[in-house]
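**Student:** test case, fold it:
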Amino acid sequence: MRENRLRTMWQNDQAAINGWLAIPNSFSAETMAHQGWDTLTIDLQHGVIDYQTMVTMLQAISTTATVPIVRVPWLEPGILMKALDAGAYGVICPMVNTREDAQKLVAWTTYAPRGTRSFGPVRALLYGGSDYPTQADKTIVRFAMIETAQALDNLDAIMSVEGLDAIYIGPSDLSLALGCRPVFDNVDPPVEQAIAHILERATAHGLKAGIHNGVPEGALARVAMGFRFITVSSDARLMAAGSQQVLAKMRAAPPAASHGSATY
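**Tutor:** Modelled structure (predicted):
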């Protein structure tokens, strides 16, 4: 089966640099993949992407060594299974708040007898290889998002679920849950304390920890803390930021000098 380079990086204690895809387009996904991101996450929760477009984006990412990941809209078996059947090598599930939620996430992404994932890896066979059915369970990566006060109360119960590989922090939702500003970077002190606590408990349970960031400086600080899956910005934000930089320089330039005046 095709290697999941994310797992290999983690075995070597490397931090994976993850790009975020919110634009529903295979060409933009292909362009992002060719820039050298370790992983790319297609966002079905807050991006404007539907399932069919997601499939074409996975195909585009497959032209590179970048590992394809999908953030599903919710903890629901159908979309988890369809994302994996389409060839996702990792799934990020939002709002995992209890041990039961984490158990469902693992069961729905694992084949019998250990889980209840329905068999039908239509595109996953093409991407992963003919031995996908026997190797998928230990190859794909399962992220549970920790982003609510309820999840904070249940951290150890969630993280002790066998088969869970990693957790992923959504700083904005976590901030709102703690009565703070919904930001990615420079979070308020209660959120910073919660992030450090989540990381400490994940490490204690042998799980990898990921987190969303807005800027490289914030992401590098998280790597130094011990996070090993680091999202930096998104395709939409990068496009907007690049456009703003170009326009700011163009509009700040002095008007072009006249090359003479016409006489009438």
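
**Student:** make sure Pro73 is indeed in a helix.
**Tutor:** No: with DSSP: H, G, I helix; E, B strand; the rest coil as the criterion, Pro73 is assigned coil and is not in a helix.

**Student:** what about the longest helix in the protein?
**Tutor:** The single longest helix within the chain, with elements called by DSSP state H, is helix 235-252.

**Student:** helices and strands around that one, which ones?
**Tutor:** Helix 235-252 sits against strand 16-21, helix 26-33, with contacts defined as 3 or more Cβ pairs under 8 Å, 6 or more residues apart in numbering; DSSP states H and E. Yep, even glycine has a C-beta here, placed from its N, CA and C like the rest.

**Student:** where along the stretch 151-264 of the chain do the strands fall?
**Tutor:** 166-169, 208-213, 229-232 (DSSP state E, counting those that start in this stretch).

**Student:** which one of those lies closest to Ile79?
**Tutor:** With Cβ to Cβ as the criterion, Ile79 lies closest to strand 166-169 of these, at 16.7 Å.

**Student:** to Thr8, which of the strands of the stretch 151-264 of the chain lies closest?
**Tutor:** strand 208-213 (12.5 Å).

**Student:** so what strands line up beside the closest one?
**Tutor:** strand 166-169 (parallel), strand 229-232 (parallel) (DSSP bridges).

**Student:** any chance of those strands in TSV, plus mean neighbour count, distance to Gln150 and mean pLDDT?
**Tutor:** Listed next are those as TSV, based on neighbours: other Cβ atoms under 10 Å; distance: least, Cβ to Cβ, whole Å; pLDDT from 0 to 100:
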stretch	mean neighbour count	distance to Gln150	mean pLDDT
strand 166-169	26	14	98
strand 229-232	26	23	97
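
**Student:** can I get those in a markdown table including distance to Ala202?
**Tutor:** Output for the strands paired with strand 208-213, formatted as a markdown table (distance: least, Cβ to Cβ, whole Å):
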| stretch | distance to Ala202 |
| --- | --- |
| strand 166-169 | 5 |
| strand 229-232 | 11 |
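
**Student:** hang on, the earlier thing: using a markdown table, lay out the helices and strands packed on helix 235-252 together with mean neighbour count, mean pLDDT and distance to Pro182.
**Tutor:** Conversion of the helices and strands packed on helix 235-252 to a markdown table gives the following (neighbours: other Cβ atoms under 10 Å; pLDDT from 0 to 100; distance: least, Cβ to Cβ, whole Å):
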| stretch | mean neighbour count | mean pLDDT | distance to Pro182 |
| --- | --- | --- | --- |
| strand 16-21 | 24 | 98 | 16 |
| helix 26-33 | 19 | 98 | 25 |
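
**Student:** return the distance of Gly115 relative to Ala204.
**Tutor:** 25 Å (Cβ to Cβ, to the nearest Å).

**Student:** who's more crowded, those two?
**Tutor:** Neighbour count, other Cβ atoms under 10 Å: between Gly115 and Ala204, Gly115 has more, with 16 against 12.

**Student:** ok, now how distant is the closest residue to that one other than its chain neighbours from Thr139?
**Tutor:** Spatial nearest neighbour of Gly115, excluding adjacent residues (Cβ to Cβ, 6 or more residues apart in numbering): Ala107 at 4.4 Å. The gap separating Ala107 from Thr139 is 17 Å, by Cβ to Cβ.

**Student:** the two - which one has more neighbours?
**Tutor:** Taking other Cβ under 10 Å, Ala107 and Thr139 do not tie; Thr139 has more neighbours (20 against 17).

**Student:** can you name the residues that contact the residue nearest to the more buried one when sequence neighbours are not counted?
**Tutor:** Leaving aside its sequence neighbours, Thr139 sits nearest to Asn4 (Cβ to Cβ, 6+ apart; 5.0 Å). Taking Cβ atoms under 8 Å, 6 or more residues apart in numbering, we find Asn4 in contact with Val67, Tyr89, Gly90, Thr139, Ile140, Val141.

**Student:** Gly128 is in contact with the fourth one, correct?
**Tutor:** Yes: Thr139 is within contact range of Gly128, at 7.1 Å (criterion: Cβ atoms under 8 Å).

**Student:** quick check on the residue nearest the centre of the chain: phi, psi?
**Tutor:** Centroid check for the chain by Cα atoms, centre = their mean gives Thr41 as the closest residue, at 4.3 Å. Backbone torsions for Thr41, taken as degrees, to the nearest 10, come to phi -110, psi 120.
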